[in-house]
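> no FASTA, just this:
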């Protein structure tokens, strides 16, 4: 299927069916609606607020625009306290730019776009806050739920962002990184949570990525208030907030030991999330059948987050492409086999040594 998808730049007003006769009352209502829409449009135009041209980030934001984008190596060298404050757009695109066809991505442009989206989300949340104030029970008596619900609605309906059900491939970077969501308004469970997290960063919302075997979603997780709300980004607009128990059985059954030991259903730190992003590079190079490159990136993913079982599974599967003899044949098949293997090796936290660490691992298993 062709990936020549149309871009949507804003909300689309519902058209009045001109083939149906309008009663006098309906004519008056239609005129009233038109006048109201015109006045609202003029006010929004004067303020610059609309889905395609919203004001830039709030001046109180702590997220700098990357005038000269830093490399992935530079970002990974940051101490943990600074790394946790990174703009996820800059980090995600630094990973994407390790792919030859993505090296010229304009990071600053994508940051500005997310700034604009975030400003529009804030505008809509503020405009509709009266709904929560008048009937908080309709939003589970949770302002976090209301804000997440409005964000999901704006992303899905105003910006037409939706899950790509038809044309996903690990070989296509736009399916795995945030620039694809912005440019094509489609994404996957890997890329769609990024837009929620990026907008959340700009609005001060504590939204983080969460993984289960075979799936990624995001979570509002506020350590100050204890508010905790899962946000399923892979939908068509509107908030879906499955409980953790749902993800213990979908898309795969989760072994309780994995949940305890391997960051399953955990709200990820930025460095742990970076491990998932880098793992996408491994998947890309597997599709390209460049297995040495895939092992390098899967190894780096394990180095970033040694406890992440998904990263280890990906590394094992990549190694298996080169030489299946590294793993004992048994009755297990498919991905289940890899989830039963011994814990991942201990990677030293020095990028220059990742390849040697992987080699030592291969030698050990040989």
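Alright, I've got the coordinates. The shown structure was predicted, so the numbers you read here are calculated from the model rather than taken from an experiment.
> Quick one: the helices in the stretch 251-366 of the chain, in order.
256-261, 270-287, 291-304, 309-322, 334-339, 354-365 (DSSP state H, counting those that start in this stretch).
> of all the ones you listed, which lies closest to residue 187?
helix 270-287 (12.2 Å; C-beta to C-beta). C-beta coordinates here come from the backbone N, C-alpha and C atoms, glycine included.
> what angle separates the closest one from helix 291-304?
Put simply, helix 270-287 runs at 170 degrees to helix 291-304, going by axes from the mean of the first three to the mean of the last three C-alpha atoms, to 10 degrees.
> Remind me what helix 270-287 packs against, helices and strands.
helix 80-83, helix 88-96, strand 207-212, helix 291-304, helix 309-322 (3 or more C-beta pairs under 8 Å, 6 or more residues apart in numbering; DSSP states H and E).
> worst average pLDDT in the ones you listed?
The minimum mean pLDDT among the helices and strands packed on helix 270-287 belongs to helix 309-322 (a mean of 76).
> where does the stretch 51-200 of the chain have low pLDDT?
The stretch 51-200 of the chain contains residues with pLDDT under 70 at 51-67.
> where along it do the helices fall?
72-76, 80-83, 88-96, 107-134, 143-153, 178-184, 192-203.
> Tell me which residues are up against the third one.
Applying C-beta atoms under 8 Å, 6 or more residues apart in numbering, the external contacts of helix 88-96 come out as 66, 69-72, 75, 102, 105, 107, 110-111, 114, 173, 176-179, 194, 197-198, 201, 270, 273-274, 277-278, 280-281.
> Just the buried ones from these?
66, 69-70, 72, 75, 102, 105, 107, 110-111, 114, 173, 176-179, 194, 197-198, 201, 270, 273-274, 277-278, 280-281 (16 or more other C-beta atoms under 10 Å).
> if we can go back for a sec, nearest to residue 230, of the helices of the stretch 251-366 of the chain?
The nearest among the helices of the stretch 251-366 of the chain, by C-beta to C-beta, is helix 256-261 at 14.5 Å.
> Am I right that residue 201 is in contact with residue 85?
No. The pair residue 201 and residue 85 does not pass the contact test of C-beta atoms under 8 Å, sitting 9.1 Å apart.
> tally of neighbours for residue 264?
23 (other C-beta atoms under 10 Å).
> Please give me every residue in contact with it.
Taking C-beta under 8 Å, 6+ apart, one finds 211, 212, 213, 254, 258, 309 in contact with residue 264.
> Give me the phi and psi angles of it.
When read as degrees, to the nearest 10, the backbone of residue 264 gives phi -80, psi 130.
> any idea of the pLDDT on it?
For residue 264, the model assigns a pLDDT of 89.
> for residue 254, same thing?
87.
> Next, the contact list for it, please.
Residue 254 neighbours (C-beta under 8 Å, 6+ apart): 212, 213, 247, 248, 264, 265.
> Dump these to TSV, plus distance to residue 89.
Formatted as TSV, the contacts of residue 254 follow (distance: C-beta to C-beta, whole Å):
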residue	distance to residue 89
212	24
213	27
247	26
248	31
264	26
265	25
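> mind putting the helices and strands packed on helix 270-287 in TSV, distance to residue 151 and mean neighbour count included?
Shown next, in TSV, are the helices and strands packed on helix 270-287 (distance: least, C-beta to C-beta, whole Å; neighbours: other C-beta atoms under 10 Å):
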stretch	distance to residue 151	mean neighbour count
helix 80-83	25	11
helix 88-96	15	25
strand 207-212	9	23
helix 291-304	28	23
helix 309-322	26	22
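> In CSV: those, plus distance to residue 149.
Formatted as CSV, those follow (distance: least, C-beta to C-beta, whole Å):
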stretch, distance to residue 149
helix 80-83, 30
helix 88-96, 21
strand 207-212, 13
helix 291-304, 32
helix 309-322, 29
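> looking at the ones you listed, which is closest to residue 226?
That would be strand 207-212 among those, by C-beta to C-beta, at 14.8 Å.
> Please parse this structure into its domains.
72-261, 270-365 (automatic domain parsing).
> Residue 194 contacts residue 179, correct?
No. Applying C-beta under 8 Å, one finds residue 194 not in contact with residue 179, separated by 9.7 Å.
> What's the per-residue pLDDT of residue 218 here?
For residue 218, pLDDT reads 95.
> Who is it paired with across the strands?
Beta-bridge partners for residue 218, by DSSP bridges, are residue 209, residue 231.
> Could you measure from it over to residue 261?
Applying C-beta to C-beta, to the nearest Å, the value for residue 218 to residue 261 is 22 Å.
> again with residue 168
Counting by C-beta to C-beta, the gap from residue 168 to residue 261 is 30 Å.
> These two: which has the busier surroundings?
Between residue 168 and residue 261, counted using other C-beta under 10 Å, residue 168 has the larger neighbour count: 16 against 12.
> From residue 129, how far out is that one?
Taken as C-beta to C-beta, the span from residue 168 to residue 129 is 37 Å.
> now residue 243
26 Å.
> More neighbours: which of these two?
Counted by other C-beta under 10 Å, residue 243 and residue 129 do not tie: residue 129 has more neighbours, with 14 against 9.
> so how far is residue 220 from the residue lying closest to the more buried one once chain neighbours are set aside?
Sequence neighbours aside, residue 146 is the residue nearest to residue 129 in space, at 7.7 Å (criterion: C-beta to C-beta, 6 or more residues apart in numbering). Look at residue 146 and residue 220: by C-beta to C-beta, they are 11 Å apart.
> Look up how far residue 140 lies from residue 245.
Counting by C-beta to C-beta - residue 245 and residue 140 are separated by 17 Å.
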